[in-house]
Every structure is written in C-alpha cells, then in structure tokens.
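Engineer: Okay, structure incoming, though there's no sequence with it:
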RNA sequence: GCGGGUGUAGCUCAGUAGGUUAGAGCGCCAGCUUGUGGUGCUGGAUGUCGCCGGUUCGAAUCCGGUCACUCGCCCCA
C-alpha cells in the first residue's frame, strides 16, 4: 500500500460516488430553480470574522473545528497578514455577500449554492473534514409562509432523489428572540438545580449551549430532561402563531412531520422554525438536510436588519442514501488503423460528436486489444477505419452487443450510428 | 477531543501453537486468435503483511507507539 494518503478526513471522489454526488447537485439546481432560486457562489474562504461572530466564539465550530490561517503578507504584497478561514458552513458567507453587494435593494433574495466546506472533526462515515453541501437561503421574508416554501423545496428535492420514505421531517420552533431567551433562562434554572446528576458533557454545555442538553444521548441526562419545562411553555403569542402558520402550511401541502420539542440548532443565530430531515440508515450521521430561520444574523454581521430562512444538505449523505447517479451514455469507440486512417478519424469523431454521440478514439494496440477496451468502456459500437476502409469509403461499424458488423459510407456514419442507438444505454 | 473494532496483492479476504521461497477468488498481462471483443483453455506478474520500534536464533503472527479507516460519544450536513 502506498505511503501517499490524502490528509485525514479528505478523500478522492470518483466513479460511482462522483456520479451519485453529481446527481444530488443536479436535482438540487433543478428543484431550486423551480422555486425561483438563483446561484450565488461565495468564496471558499472568508475573513475569519465572518464566521467567528455569527457562530459564536464558544461554539465548537469556531473554538476547535475551523481551518483558519494567516495569509503571508510579504508574498501577497499585503501590508498586514489577513486572518482567513476555510468556510465551515455556507450561511454566514452568503449573508456577508448580501451585505457586500447591497442586495437589500432587491428583496427578497433566493440563493442556491453548493460546494465544499471544512471542519476539523473526527472523521466517520458520512462525516468528513472536507465535505460538500447544497445550500438554499431565502432573505428578506419575515413571514412564516417563507418557512413553508423553503421546507417544501427541501421536501420536493428529497422526493426527487427517491428518499421520501427514508427520511422523517423533525420540526420545532425556538420562538422569537424574546421567547428563546426566556426559555433558555428557564431551562438553565431547571438544569442547574440538577447539576449533581448531569453528565460531564452536559455540564459543559450548560455554559456553552444549554439547549443542546435537550437531545443528549446520556441516559441520566435524558431522565432529567424529561422533567424539564417544555419549550412551548415559554413561547409568546406571536411566536406560537408563527409556528401554527408554518404547521398549517405544511399540512396544506401534505408534508408529514413530527413536532420534536427537543430539536435545537447548534448555531446561535437561529430563531423560530428549526427543522431536520433525518434518516435511520446512516447511524449517528442521520441528519441529511437541516435548517431554520435566522432573523438576526445579517444585522449582527453589520448589515441592514433582514430576516432569513434557509437550509443546508450534506451531499455525501444524500448521495449515499439515494445512489441516483446516472451513467453517461455509452460511447462509440473509434479505432483508426494506421496513419492515414488516424487523420481521417479526427474528422469522423467530430462529426459523430456533433450528431450527439460520445466518442472515444482508441489509437493504440492491435484490434483485439482495442475491442477489449471497448467492452470495458461499455461501448455500444466500434467503428473501425483502416486502409481498406479508406479505399472503399466505407467504415466498418461493429455492434458490440449483437456481434454484427456492417459497412457504412463515411458521410452517413453519424446519422447511422445515432439511429442505431449510438447514444442509447 | 474520548472509548471500542479493523489494517495481508488493484479489489474481497484466508493465513494453522511465532519456523524455510506469504496464499485464494476476482481483476490485470500474455498466448491459443499477424484487422475482430465479451465465453473458454494455458501460462504469467504483483505484496518492504499500514508505518516505526521492541521481545526472539527466528515476527504477518507477541508487545509498545504511531498513522489511517470504522462504530459510538461529542459535534453537525
């Protein structure tokens, strides 16, 4: 085994996995377009501040998972080195782009993005240090109907990927800032009174992210949590109404969900609606797509107060579940024998491609080898052009499935092959 | 970051109580077939047994460390 390995938590993506991931992105672009979303591609790294502020200094992501570095000032010709970070998620960068480009002139904005993100976590199946996400954000809509839209879009995508019966939508409301703060205080008060029985992890979370304790896996924690005040109890009227409207909208479309009072979001900037599409087929990495509302984020980044809802989906996880990749159309293998034929073959190959066929030119080895390679490449036809064919003006077209062979005049080649199913699977 | 499992050929995996040249299937290469493939037959190549160190006359095998993957926790998509 070679000593050359990719860095921990990274890997090379090719073959079936690459096709499956491509299928996820393709479906996403199609579905998101049908909801009026347009592409926004932000840089893969940003000033560290862009992530540090919204995610919160104490969050796990900022405190230990970000790939941050200082640019070399001298080499780049900058006066000062820059503090930069590989994006650990999409939302913050998109909000930054929204502010940078003065997009508040043009609300609402619907953005779709996709690509790699980086977090220095311990790798597991479906959890990598360089992973890939699809991401959708709807900015400038503070109404609950927008939440319904964005969840409906996710639901449509998941169904298009054939995952409708493999995933369950978990839904919750964190309430507005006031409700969320009130609940947090209630919860901390309750949990603090049981401090002696909380797990070590949860004692830490009590300081950093108390809401997280609600979905602790620890048995002892669960017993305590079972007696905790429910989130809905500290919710004000407006927040309740907001959530009711979201649920009514989902009901109207017929999207099934479970109200999961223990569902919270890791990032500080979430409010109101929080949701996760969860599968039981990926072990601890069961969350396949998740998101929620983040009304305070853009303002926090220094932009005009602008509400937002969005979600991110894990491309690897979705690809593992759906395995919907399509294999490309079977190619035509073009086999020129000899120098003169090789020159002629350039022309023929381009004609075939213009007619819509996938063409691979195989110029080396004897015919036997080439036919062998054609089989392995999954080719439907072999087109053999040698001195005999040049002289007669007829190419030898071999149907590799049927084992039959016929002669076709050069000018008719493209049409004939396509009619015979040259691009059929 | 914490705990468990795994690591032998390109792939999937055997490997007897530590003992000579480490195996199988698939795949790969060649020949049977000098311009005709898939099937068949015949032959062939391939590994620093993840890496480093230790014990031993002798280590794929035992011990320690390390790296990677994997399962759970943490975290999250």
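Structural biologist: Thanks, I have the structure now. The model shown is predicted, which means the values in this text are computed figures rather than measured ones.
Engineer: For residue A:145, grab the count of nearby residues.
Structural biologist: 12 (other C-beta atoms under 10 Å). Where you see a C-beta, it was placed from the backbone N, CA and C, and this is true even at glycine.
Engineer: Is it in contact with residue A:242, as I believe?
Structural biologist: No - applying C-beta atoms under 8 Å as the test, residue A:145 and residue A:242 come out as separate, 10.4 Å apart.
Engineer: Where does the prediction get shaky in the stretch 101-250 of chain A?
Structural biologist: Within the stretch 101-250 of chain A, not a single segment meets pLDDT under 70.
Engineer: which stretches of it form helices?
Structural biologist: Assigned by DSSP state H, counting those that start in this stretch, the stretch 101-250 of chain A shows helices spanning A:144-160, A:177-192, A:200-208, A:219-226, A:237-253.
Engineer: what's the spacing between residue A:56 and residue A:216?
Structural biologist: 19 Å (C-beta to C-beta, to the nearest Å).
Engineer: Off-centre distance for stretch A:134-142?
Structural biologist: Relative to its parent chain, stretch A:134-142 has a centroid offset of 15 Å by C-alpha atoms, centre = their mean, to the nearest Å.
Engineer: which residues in the stretch 251-400 of chain A form strands?
Structural biologist: Along the stretch 251-400 of chain A, counting by DSSP state E, counting those that start in this stretch, strands occupy A:258-259, A:271-279, A:287-293, A:308-314, A:332-336, A:359-361, A:381-385, A:394-399.
Engineer: Just put those in a markdown table and tack on distance to RNA strand B, mean pLDDT and mean neighbour count.
Structural biologist: A markdown table is the format used below for these (distance: least, C-beta to the nearest atom of the strand, whole Å; pLDDT from 0 to 100; neighbours: other C-beta atoms under 10 Å):
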| stretch | distance to RNA strand B | mean pLDDT | mean neighbour count |
| --- | --- | --- | --- |
| strand A:258-259 | 16 | 94 | 12 |
| strand A:271-279 | 6 | 93 | 24 |
| strand A:287-293 | 3 | 94 | 24 |
| strand A:308-314 | 2 | 96 | 24 |
| strand A:332-336 | 8 | 93 | 27 |
| strand A:359-361 | 15 | 92 | 17 |
| strand A:381-385 | 4 | 93 | 24 |
| strand A:394-399 | 4 | 92 | 20 |
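Engineer: Up against RNA strand B, what does the stretch 301-425 of chain A have?
Structural biologist: By the rule C-beta under 7 Å from any atom of the strand, the part of the stretch 301-425 of chain A lying against RNA strand B is A:312-314, A:316-317, A:337, A:366-369, A:371-372, A:374-376, A:384, A:386-389, A:396, A:398-403, A:405.
Engineer: can you give me the offset of stretch A:237-248 from its chain's centre?
Structural biologist: Offset of stretch A:237-248 from its chain centre (C-alpha atoms, centre = their mean): 29 Å.
Engineer: swap that for stretch A:118-134, sorry
Structural biologist: Relative to the centre of its chain, stretch A:118-134 is centred 12 Å away, using C-alpha atoms, centre = their mean.
Engineer: Please apply the same query to stretch A:81-97.
Structural biologist: The answer for stretch A:81-97 is 17 Å, by C-alpha atoms, centre = their mean.
Engineer: Of all the residues in it, which ones are buried?
Structural biologist: Residues of stretch A:81-97 classed as buried: A:84-97 (neighbour count, 16 or more other C-beta atoms under 10 Å).
Engineer: same check, this time on stretch A:97-107
Structural biologist: So stretch A:97-107, judged by 16+ other C-beta under 10 Å, has buried residues A:97, A:98, A:99, A:103, A:104.
Engineer: The first one contacts residue A:42, correct?
Structural biologist: Yes - between residue A:97 and residue A:42 there is a contact under C-beta under 8 Å: 5.0 Å.
Engineer: Who are the contact partners of residue A:234?
Structural biologist: By C-beta atoms under 8 Å, 6 or more residues apart in numbering, residue A:234 lies in contact with A:175, A:179, A:182, A:183, A:186.
Engineer: ugh, wrong one, residue A:247
Structural biologist: A:171, A:257, A:259.
Engineer: what about residue A:164, neighbour count?
Structural biologist: 12.
Engineer: next one: residue A:154
Structural biologist: Residue A:154: 26 surrounding residues under other C-beta under 10 Å.
Engineer: Run a quick check on it versus residue A:313, I expect a contact.
Structural biologist: Yes - at 7.3 Å, residue A:154 counts as touching residue A:313 under the criterion of C-beta under 8 Å.
Engineer: Spit out the residues that contact those two alike.
Structural biologist: Listed as contacting both residue A:154 and residue A:313 by C-beta under 8 Å, 6+ apart are residue A:289.
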